[in-house]
Every structure is written in structure tokens, then in C-alpha cells.
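Enquirer: Need coordinates for the below:
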Amino acid sequence: MKTITVRNVPDTVYSELAAWARGSHRSLQEQVRHLLEEDVKLRGTSIMESAGAYRAKLASRELANVVDDVREDRRR
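Expert: Okay, here's the model as predicted:
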């Protein structure tokens, strides 16, 4: 694995990252690595590709009539 050093991080950015890391039960290093990995994943596929994959996933499911389900639920 490679190492990256980030210099001159503004205090406000550092504080927010540290708070975010604590809230996620991660170290600051783990949080920054997680954010970088997520950003790389998002940039790997276009929005259109992601939408197409999601549409294909939903196409294989049987979706009930939502209106009928809501009406039935209200009658209970």
C-alpha cells in the first residue's frame, strides 16, 4: 500500500473530519481512507451506468400496486 501525506489542512476541515471519524467509530486515518475509497468508487461508474444497473435490478422484481397496499393498510 502507498502512503499519502496531506499538508496544510485547515483547522476547520481537520476538526470536522475528526468529529466525523468519532461519530463513525473510526480513527481519523480510517475515516480519510474510507472517504477516499468511496470517492474513487463513485467516480468509477457514471450516474447513467448506476441508474441502468439499478433499473435492471428492479426489473427482475415483482412490484405490487402501491396504491392498493396503502388503501389496505389504512383499513386496518
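Enquirer: Okay, now the unreliable bits of this structure?
Expert: Residues of the chain that meet the criterion pLDDT under 70 lie in 63-64.
Enquirer: ok, now with 90
Expert: Counting by pLDDT under 90, the chain contains low-confidence residues at 1-2, 38-73, 75-76.
Enquirer: Sort out which residues of the helix ranked longest in it are buried, please.
Expert: Of all the elements of type helix in the chain, the one with the most residues (DSSP state H) is helix 28-44. Residues of helix 28-44 classed as buried: 31-32 (neighbour count, 16 or more other C-beta atoms under 10 Å). Every residue, glycine included, has its C-beta placed from N, CA and C.
Enquirer: who touches it?
Expert: The set of residues external to helix 28-44 that reach it, using C-beta atoms under 8 Å, 6 or more residues apart in numbering, is 6, 17-18, 20-21, 24, 26.
Enquirer: among those, which two are most distant?
Expert: When those are compared pair by pair using C-beta to C-beta, the farthest-apart members prove to be Val6 and Ser24, with a separation of 18.7 Å.
Enquirer: what about the two, which has more around it?
Expert: Remark: of Val6 and Ser24, Ser24 carries more neighbours, 11 against 8, as counted by other C-beta atoms under 10 Å.
Enquirer: OK, contacts around that one?
Expert: Under the criterion of C-beta under 8 Å, 6+ apart, the neighbours of Ser24 are 31, 34.
Enquirer: now with 10 Å?
Expert: If you count contacts by C-beta atoms under 10 Å, 6 or more residues apart in numbering, Ser24 has them with 30-31, 34.
Enquirer: now do Pro10
Expert: Counting by C-beta under 10 Å, 6+ apart, Pro10 touches Glu16.
Enquirer: Around Arg55, count how many other residues there are.
Expert: Other residues within reach of Arg55, judged by other C-beta under 10 Å, total 9.
Enquirer: what about it, distance to Leu42?
Expert: When C-beta to C-beta, to the nearest Å is the yardstick, Arg55 and Leu42 sit 18 Å from each other.
Enquirer: With that, I have no additional questions.
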